[in-house]
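In: Here is the input, now give the coordinates:
(one chain, ligands or ions: 2)
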Amino acid sequence: MDYPGNIFVVAAPSGAGKSSLVKALMELDSAVQPSVSHTTRSPRGQEKHGREYFFASPTEFDAMIAADGFVEWAHVHGHRYGTSKKAVEDRIAQGADVILEIDFQGALQIRKTFANAVMIFILPPSWEELRSRLERRGEDSASVIELRLKNAAEEMAQAGQFDFVIINELFERALFDLKAIVHAQRLRYSAQRRARADTFAALNIP
Ligand SMILES: Nc1ncnc2c1ncn2[C@@H]1O[C@H](COP(=O)(O)OP(=O)(O)OP(=O)(O)O)[C@@H](O)[C@H]1O
Ligand SMILES: Nc1nc2c(ncn2[C@@H]2O[C@H](COP(=O)(O)O)[C@@H](O)[C@H]2O)c(=O)[nH]1
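Out: Ligands and ions are numbered 1, 2, ... in the order given. Predicted coordinates:
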């Protein structure tokens, strides 16, 4: 199905900086809307229900799966996370650009459903820096940080399946790259629409 809005999928190992980059992008570009995921993990720090996540019990999450309410979902770092089908489809149907911050398993599910989704993978500049960002963020226990670093190796091995890879070393540079990808997709999309309109006009199709 061809929708008027774009889907941008941003995946990365935990701590690489995807939430920071996506937040900064949205501050600069109000046409990009976030997708708020559901998760069975508990809120941390200042997180608010409906802002960072919809925090769901395992039973509520099961009910959403049973109702076919997710466009993708996955087990990540010992919890479940998923993207609401309705929230994404309604918005792209209305012409909005939606950005999803999800793990690689979910990203690959999105690509199966939305072949035109733009897939972006964020890498940290080094293992040492990834560890130190998780530690500096100060929101996870030492054991959670170890689990996330352990999972990062498998996650980073998937980067080749994505359309774009951004190395988030200098934040402003990585943000520039992300903005450029979003801009390029919009240009490509409007060129495709123009070409289709020209073909329809040439063939006299209303
Ligand atoms: N380029 C950068 N240089 C230094 N620190 C950074 C950079 N980008 C992000 N950070 C910091 O690294 C930490 C992790 O970033 P962030 O929370 O955005 O990661 P994430 O990939 O969204 O992680 P998660 O998947 O666990 O939500 C934050 O404290 C953030 O401020
Ligand atoms: N497949 C999905 N993965 C998701 C979704 N939302 C977040 N995530 C991934 O979870 C990790 C951990 O997030 P945290 O908030 O606990 O640090 C994150 O790195 C994402 O990759 C989702 O809807 N689907």
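In: wait, does the helix or strand harbouring Val10 contact ligand 1?
Out: Taking DSSP states H and E as the criterion, Val10 maps to strand 7-11. No: applying C-beta under 6 Å from any ligand atom, one finds strand 7-11 separated from ligand 1 by no less than 8.7 Å. The way it works is simple: take the backbone N, C-alpha and C, and place the C-beta from them, glycine included.
In: quick one: strands adjacent to that strand?
Out: Paired neighbours of strand 7-11 in the sheet (DSSP bridges): strand 97-101 (parallel), strand 118-123 (parallel).
In: so Arg131, which of the three states?
Out: Assigned with DSSP: H, G, I helix; E, B strand; the rest coil, Arg131 falls in the helix class.
In: and it, how far is that from Val32?
Out: Computed as C-beta to C-beta, to the nearest Å, the Arg131 to Val32 distance reads 30 Å.
In: Can you give the contact residues for the strand holding Val10?
Out: With contacts defined as C-beta atoms under 8 Å, 6 or more residues apart in numbering, strand 7-11 is touched by 18, 21-22, 32, 88, 92, 97-104, 106-107, 110-111, 114, 116-122, 155, 158, 162, 178, 181-182, 185.
In: among the residues you listed, which ones are buried?
Out: Neighbour counting with 16 or more other C-beta atoms under 10 Å marks 18, 21-22, 32, 88, 92, 97-104, 106-107, 110-111, 114, 117-122, 155, 158, 162, 178, 181-182, 185 as buried within these.
In: Filtering those residues by proximity to ligand 2, which remain?
Out: Glu101, Ile102, Asp103, Gly106.
In: The first one and Gln158, how far apart?
Out: Spelled out, that is Glu101. Relative to Gln158, and taking C-beta to C-beta, Glu101 is found at 15 Å.
In: Also the second one?
Out: Taking C-beta to C-beta as the measure, Ile102 and Gln158 are separated by 12 Å.
In: Ala74 belongs to a helix?
Out: No: counting by three-state DSSP, Ala74 is not part of a helix but strand.
In: Is it bridged to anything, and to what?
Out: Bridge pairing for Ala74 - DSSP bridges - gives Tyr81.
In: picking that back up, output the strands paired with strand 7-11 as CSV; include the columns mean pLDDT.
Out: Converted to CSV, the strands paired with strand 7-11 look like this (pLDDT from 0 to 100):
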stretch, mean pLDDT
strand 97-101, 97
strand 118-123, 98
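In: a markdown table please, covering those and showing distance to ligand 1.
Out: Output for those, formatted as a markdown table (distance: least, C-beta to the nearest ligand atom, whole Å):
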| stretch | distance to ligand 1 |
| --- | --- |
| strand 97-101 | 6 |
| strand 118-123 | 7 |
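In: Sweet, I'm off.
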